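Novice: quick check, what structure comes out for this input:
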Amino acid sequence: MASDTAGIEELPAEVAARAAAVFGLLASGTRLRLLWLLMQGESDVSALAAGAANAVSTVSENLAMLRSGGLVRSRREGRRVVYAVEGPAVAAVEAVVRGMVHRSGGAAGDTAAPGRDR
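Specialist: Residues are numbered from 1 along each chain as shown. Okay, the predicted model is just below:
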C-alpha cells in the first residue's frame with residue numbers, strides 16, 4: 001500500500017469494500033454462531049442446525065452467505081455437504097470471540113448481544 005507524505009497508510013477503496021462486506025457478514029448472531037461451531041471442527045448442515053438451534057433452511061442460507069464471502073468452504077461427502085472455516089479473517093474473528101468469552105467468564109452462548117439475528 002502506498003503512503004502519503006504524513007506517513008499515513010492509505011486504504012484502497014477495493015480493500016475497504018471487501019472488508020465492509022466481511023464485517024457485514026459478521027453482523028449476524030446466527031452467522032457468528034455458525035463460524036464458532038465450525039471453528040471447533042468441520043460439520044454438516046444438520047449438525048450445525050442442531051448446534052445453533054436454528055432450522056436447517058436458515059443455516060443453509062447463512063452458510064451460503066459465509067461461503068460467498070470466503071469465510072467457509074464446503075465439500076461433498078457422498079450425499080452430505082461438509083463445511084469448514086476458510087481464510088485468515090476467520091482466525092481474527094476467533095481471537096476476538098474467544099477474548100470476549102474469556103472476559104465474560106462464560107461460554108460462547110453467554111456473550112450474545114441483543115439484536116437482529118439473521
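Novice: low-confidence stretches in the protein?
Specialist: By pLDDT under 70, the low-scoring segments of the chain are 1-5, 106-118.
Novice: roughly how far apart are the residue nearest to residue 71 when sequence neighbours are not counted and residue 64?
Specialist: Once flanking residues are discounted, residue 71 sits nearest to residue 90: 5.7 Å by C-beta to C-beta, 6 or more residues apart in numbering. Every residue, glycine included, has its C-beta placed from N, CA and C. Per C-beta to C-beta, to the nearest Å, residue 90 is found 16 Å from residue 64.
Novice: packing partners for the helix or strand hosting residue 61?
Specialist: Per DSSP states H and E: residue 61 is located in helix 56-68. Other helices and strands packing on helix 56-68, by 3 or more C-beta pairs under 8 Å, 6 or more residues apart in numbering; DSSP states H and E, are helix 29-39, helix 45-52, strand 72-77.
Novice: residue 100 is nearest to which of those?
Specialist: Proximity to residue 100, assessed across the helices and strands packed on helix 56-68 by C-beta to C-beta, is greatest for helix 29-39 (10.4 Å).
Novice: can I get that closest one as CSV, trimmed to CA atoms?
Specialist: The C-alpha coordinates for helix 29-39 follow below in CSV (Å, rounded to 0.1, in the frame of the first residue of the first chain):
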residue,chain,number,x,y,z
GLY,A,29,-25.5,-13.6,15.6
THR,A,30,-26.5,-16.7,13.6
ARG,A,31,-23.5,-16.5,11.3
LEU,A,32,-21.2,-15.8,14.2
ARG,A,33,-22.5,-18.9,16.0
LEU,A,34,-22.1,-21.0,12.8
LEU,A,35,-18.5,-19.8,12.4
TRP,A,36,-17.9,-20.5,16.1
LEU,A,37,-19.2,-24.1,15.7
LEU,A,38,-17.1,-24.6,12.6
MET,A,39,-14.0,-23.3,14.4
